[in-house]
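Undergrad: kindly return the folded structure for what I paste below:
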Amino acid sequence: MPLRVGCRADDADKHEFDINFLLYHKGILYSAGDDGKVMAWAPDLKKLAEVQSNQCSVFCLAASDDTLYSCSNEGTIKSFELKTLKEKEVITKDDQAEYWRVSYSDGCLYSGDHEGYIKVWKDGKFYGSLNIAEPIKDMAVFKNLIFTVKDLDLVITDMKLEGEKLRYGTKNNFMGRAPVTTIGEKYFSFVSREGMDIILHENNSDSHFKALSKTQNAHEKIINALAGASWDNKDIIFSGGWDKQLKKWTIVDNNLKEGGSCDVEIVINAIAIGDKGELYVGGADGHIVRIEVE
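TA: Predicted structure coming up:
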């Protein structure tokens with residue numbers, strides 16, 4: 001399945017500075033950048049809407065059925081209407097915090113910040129928080145498990161969202177760095193501390209999240225983005241970073257098998273997977289590229 005560039009966002013429409021995150025949700029691509037803007041795009045990368053969410057960087061986006069969420073280094077988490085990007089509310093504001101990650105799952109909004117706090121909002125109300133003692137550069141939520149990482153260790157936290165108080169415990173931790181992604185029901189993946197190796201683990205607490213393989217020198221330079229998917233009963237990872245190469249990997253016998261690559265001509269900071277077999281990458285100087293998987 002070779003990869004090729006399908007189209008690019010018009011220079012007149014793109015972010016002014018680097019893109020930090022891409023999210024594909026209900027047929028719309030959303031982008032967040034260092035210019036403080038959140039933008040919405042049609043699948044063919046025609047811009048639909050934009051909002052000046054913050055004066056500084058917007059680091060991450062998440063979405064529920066009817067709401068888009070953003071977080072920033074200005075200490076805010078905000079919500080917006082999905083189609084218009086009209087601001088709905090400021091969920092939290094803390095001048096001392098930099099919120100680096102948000103994620104939405106099963107009625108709960110999760111955030112991760114530069115001080116290592118995971119905070120949880122349940123049914124629209126603040127539910128609780130915990131500290132994992134390491135800044136949260138990336139975060140993945142899978143059922144009751146929270147995978148968090150910066151550049152030293154990946155920490156797996158088991159959360160119990162029952163009763164009046166948040167209950168939690170650390171399940172395991174592994175040496176590594178951001179990014180992190182889950183792949184289907186069976187796997188999760190992250191990057192070695194050196195930044196160029198992709199590590200694959202079993203997503204199973206009964207096996208203590210067994211290490212399966214390490215693909216050394218998967219990229220020639222540091223990897224900034226991973227995105228996992230299950231297509232046609234195959235578990236797949238897409239990766240990209242400073243070498244400007246987008247790569248596709250298929251999990252075969254618990255190892256990664258390279259299945260194509262594409263030079264996108266920009267440093268890749270973010271990858272989003274569409275609903276019709278297409279990919280989107282974003283990165284340096286606000287560029288967004290659509291990749292066709294043939």
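Undergrad: residue 206 falls within a helix, correct?
TA: Yes: judged by DSSP: H, G, I helix; E, B strand; the rest coil, residue 206 forms part of a helix.
Undergrad: and it, how far from residue 171?
TA: Relative to residue 171, residue 206 is positioned 11 Å away (criterion: CB to CB, to the nearest Å). Glycine gets a C-beta too; all of them are placed from N, C-alpha and C.
Undergrad: looking at these two, which is more packed in?
TA: Counted by other CB atoms under 10 Å, residue 206 and residue 171 do not tie: residue 171 has more neighbours, with 16 against 7.
Undergrad: so what does the helix or strand residue 70 falls within touch, helix or strand wise?
TA: Secondary-structure element containing residue 70, defined by DSSP states H and E: strand 67-72. Where contact means 3 or more CB pairs under 8 Å, 6 or more residues apart in numbering; DSSP states H and E, strand 67-72 is packed against strand 58-63, strand 76-81, strand 99-105.
Undergrad: what mean pLDDT does the longest one have?
TA: Yep, that's strand 99-105 we're talking about. The average pLDDT for strand 99-105 rounds to 97.
Undergrad: next, the angle strand 58-63 makes with it.
TA: For strand 99-105 against strand 58-63, the angle between stretch directions is 10 degrees (axes from the mean of the first three to the mean of the last three CA atoms, to 10 degrees).
Undergrad: so what touches strand 99-105?
TA: Contacts of strand 99-105 from elsewhere in the structure, counted by CB atoms under 8 Å, 6 or more residues apart in numbering, are 59-64, 69-73, 75-77, 109-114, 135-141, 143.
Undergrad: so what strands line up beside it?
TA: According to DSSP bridges, strand 99-105 has the following sheet partners: strand 108-113 (antiparallel).
Undergrad: and the contacts of the strand it pairs with?
TA: Contacts to strand 108-113, defined as CB under 8 Å, 6+ apart, come from residues 62, 64, 69, 71, 77, 91-92, 97-104, 117-122, 127, 135-136, 139, 141, 146, 148, 161.
Undergrad: got the angle for it vs strand 67-72?
TA: Note on geometry: by the same axes, to 10 degrees, strand 108-113 and strand 67-72 are set 10 degrees apart in direction.
Undergrad: so for the helix or strand that strand 108-113 is followed by, mean pLDDT?
TA: Downstream of strand 108-113, the next assigned helix or strand under DSSP H and E is strand 117-122. The pLDDT scores in strand 117-122 average 96.
Undergrad: the helix or strand immediately after strand 117-122 in the chain pairs with which strands, parallel or anti?
TA: With elements assigned by DSSP H and E, the helix or strand that comes after strand 117-122 is strand 125-131. Sheet pairing here is set by DSSP bridges, and for strand 125-131 it gives strand 117-122 (antiparallel).
Undergrad: quickly note the distance from the closest residue to residue 34 other than its chain neighbours to residue 70.
TA: Of all residues not flanking residue 34 in the chain, residue 17 sits nearest, at 3.7 Å (CB to CB, 6 or more residues apart in numbering). Between residue 17 and residue 70 the distance, using CB to CB, works out to 16 Å.
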